[in-house]
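Student: fold the following and give me the result.
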Amino acid sequence: MLSSFSMKKITKTIIDPNAKATSKDGIYGLPFKETEAQVVFIPVPWDVTTSYQAGTSNGPTAILEASSQIDFFDLDFIDAYQAGLFMKKESAKIKKLNSEGRMLAKKIIDADDETMSKNKLLQKNLIKVNQICEDLNSIVYQETKSLLEKDKIAVVVGGDHATPFGAIKAYAEKYPKLGILHFDAHSDTRISYMGFSNSHASIMHNVMEKIPGVSKLIQVGIRDFCEQEFTYTRDHKKIEVYFDQNIARRKMSGENFQKIAREIVSKLPDTIYISFDIDGLDPRFCPNTGTPVPGGLDYHEVILILNEIVASGKKLVGFDLVEVAPNPKDKANEWDANVGMRLLYKMTSVSLATLGLIEKRKL
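Tutor: All right, here's what the predicted structure looks like:
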């Protein structure tokens, strides 16, 4: 299955990696068409069930706009851009569903339990919101499946963390016994949240209960969760959690983080999908994300884990990046998107390297 990937030969496109990108170019200032690209980013502007701070629906556009500021030279990998990277246009249908769903969901989020239990209109709205979220899952699934059938790496760019469910489903169908490496501040294993069955707070519960092709879930950086989630992950045979508190204590007791990184990777099967909620990082890297939490991973700790995947010989076949949000009070401030687009490029490089499509740099 993995051998079906093949590097696209670039015959018509000449790229100067040292030049400044132009406004006419696509993501990372690259001029590739979708047919030429090995990696296709699927923007999903979505924040229907976001319960604290909305704005992740603006994440894909913010990442696209910030991406032209990247320098392609990487100390770890050689020229990932040559594989062809392309971001699709945001779907008008998804944007319409998000607008409709957010309007209905906001009224539910603002209502107290007593009002919700007595208000039949709100109860009908809840049913509508859950159906709208199911519609999104179907769209993302079909889009991802179509790209995988063309032997492309399909990457969801969110949007809140509800967005990649359909992508994970498609990947698990193509790669049985898929392992999920989940970076996040939150467990996201609630059965539902405020009645939303496809909430951003429930995606990993839905993955484990509804996608049988997933054989393992390793969660890293988790530091905000309820008792039900703790019990669920503790008792589930396919789930292992690296709580942020425990990682911090191991480091403070003198343990080398590389040992921790290797341990994390060793628990994963040979075929890996990364679901990366940017709030898994220390909030200084993503202050405007929907639900920031103190603590978290350093950027270079994440990079070390990613490099350990390459060193392990395991395959990173797919990934997503979610919960990036621009500063609503300062739209010119690209910090969150700047961090997000760089992390996205690094995961792209790692995936291509593990699939044998680019080489690791020898310094």
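
Student: make it CA atoms for all contacts and neighbour counts henceforth
Tutor: Will do.

Student: okay, and for this protein, where does confidence drop off?
Tutor: Applying pLDDT under 70 to the chain picks out residues 1-14, 21-24, 52, 331.

Student: now do 80
Tutor: 1-14, 20-24, 51-54, 328-332, 363 (pLDDT under 80).

Student: what's the burial count for residue 294?
Tutor: 13 (other C-alpha atoms under 10 Å).

Student: swap in residue 223?
Tutor: 19.

Student: so it touches residue 183, yeah?
Tutor: No. Assessed by C-alpha atoms under 8 Å, residue 223 is found out of contact with residue 183, at 10.9 Å.

Student: strands of this protein, start to end?
Tutor: Using DSSP state E, the strands found in the chain span residues 39-44, 85-87, 153-158, 178-183, 214-222, 239-243, 271-277, 315-322.

Student: distance to residue 15 added to these, as TSV?
Tutor: Shown next, in TSV, are those (distance: least, C-alpha to C-alpha, whole Å):
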stretch	distance to residue 15
strand 39-44	17
strand 85-87	12
strand 153-158	21
strand 178-183	33
strand 214-222	37
strand 239-243	41
strand 271-277	29
strand 315-322	25
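
Student: how about those strands in TSV, adding mean neighbour count?
Tutor: Listed next are the strands of the chain as TSV, based on neighbours: other C-alpha atoms under 10 Å:
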stretch	mean neighbour count
strand 39-44	25
strand 85-87	25
strand 153-158	27
strand 178-183	25
strand 214-222	23
strand 239-243	17
strand 271-277	23
strand 315-322	26
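
Student: for residue 191, which of the ones you listed is the nearest?
Tutor: Checking these against residue 191 by C-alpha to C-alpha gives strand 239-243 as the closest, at 15.4 Å.

Student: for the closest one, name the packing helices and strands.
Tutor: Judged by 3 or more C-alpha pairs under 8 Å, 6 or more residues apart in numbering; DSSP states H and E, strand 239-243 is in contact with strand 214-222, helix 227-235.

Student: any idea how far residue 318 is from residue 306?
Tutor: 13 Å (C-alpha to C-alpha, to the nearest Å).

Student: about what we covered before: so for residue 113, which of the strands of the chain sits nearest?
Tutor: strand 214-222 (27.6 Å).

Student: show me how far the helix ranked longest in the chain is from its chain's centre.
Tutor: The helix that spans the most residues within the chain, counting by DSSP state H, is helix 120-149. Helix 120-149 has its C-alpha centroid displaced from the chain centroid by 18 Å (C-alpha atoms, centre = their mean, to the nearest Å).

Student: what angle separates that helix from strand 39-44?
Tutor: With axes from the mean of the first three to the mean of the last three C-alpha atoms, to 10 degrees applied, the angle from helix 120-149 to strand 39-44 works out at 170 degrees.
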